[in-house]
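In: After the sequence you'll find the predicted model.
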Amino acid sequence: MQHDIYIYLFVMSAVTLAIRIVPLTLIRRQIKNRYLRSFLYYVPYVTLAVMTFPAIMDATQTPISGLLALITGIALSWYGASLFKVSAACCLMVFFVELVC
């Protein structure tokens with residue numbers, strides 16, 4: 001059972017290295033495919049969203065406070081509020097919703 005951890009670590013490191021090394025060795029010229037370039041452009045944003053949205057719902061005591069904070073943040077950022085204002089408003093929303101519930 002103790003040796004399984006080393007196997008998991010080896011597999012995870014091999015996959016991480018493969019993801020980073022294989023594209024560098026196989027693709028040596030500029031990518032001209034329009035679809036592939038647009039896909040690669042949005043990969044960091046999608047990755048960040050996939051990591052962030054579940055954490056928003058799980059970080060609070062009640063999922064409803066996380067959801068309301070998410071809606072507040074989206075609305076304020078849509079109307080051009082600064083990052084500080086958005087984060088402060090989201091924190092206040094979570095605080096007040098959890099205070100009431």
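Out: Cool, the structure landed.
In: ranges for the helices of this protein?
Out: Applying DSSP state H to the chain gives helices spanning 2-26, 34-58, 63-78, 83-100.
In: I'd like the distance between A89 and M12.
Out: Between A89 and M12 the distance is 38 Å, computed by CB to CB, to the nearest Å. Any C-beta I mention is one placed from the backbone N, CA and C, and that applies to glycine too.
In: okay, the two: which has more neighbours?
Out: Just comparing A89 and M12: by other CB atoms under 10 Å the higher neighbour count belongs to A89, 17 against 10.
In: show me the contacts for that one.
Out: If a contact means CB atoms under 8 Å, 6 or more residues apart in numbering, then A89 has 72-73, 76, 81 as its contacts.
In: Going by neighbour count, which of those are buried?
Out: The neighbour-count test (16 or more other CB atoms under 10 Å) applied to the contacts of A89 identifies 72-73, 76, 81 as buried.
In: What is the nearest of these to A55?
Out: Checking the buried ones among the contacts of A89 against A55 by CB to CB gives G73 as the nearest, at 13.1 Å.
In: circling back to that earlier point, could you dump the contacts of A89 into TSV with distance to L24 added?
Out: Formatted as TSV, the entries for these read as follows, by distance: CB to CB, whole Å:
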residue	distance to L24
T72	41
G73	36
L76	40
A81	39
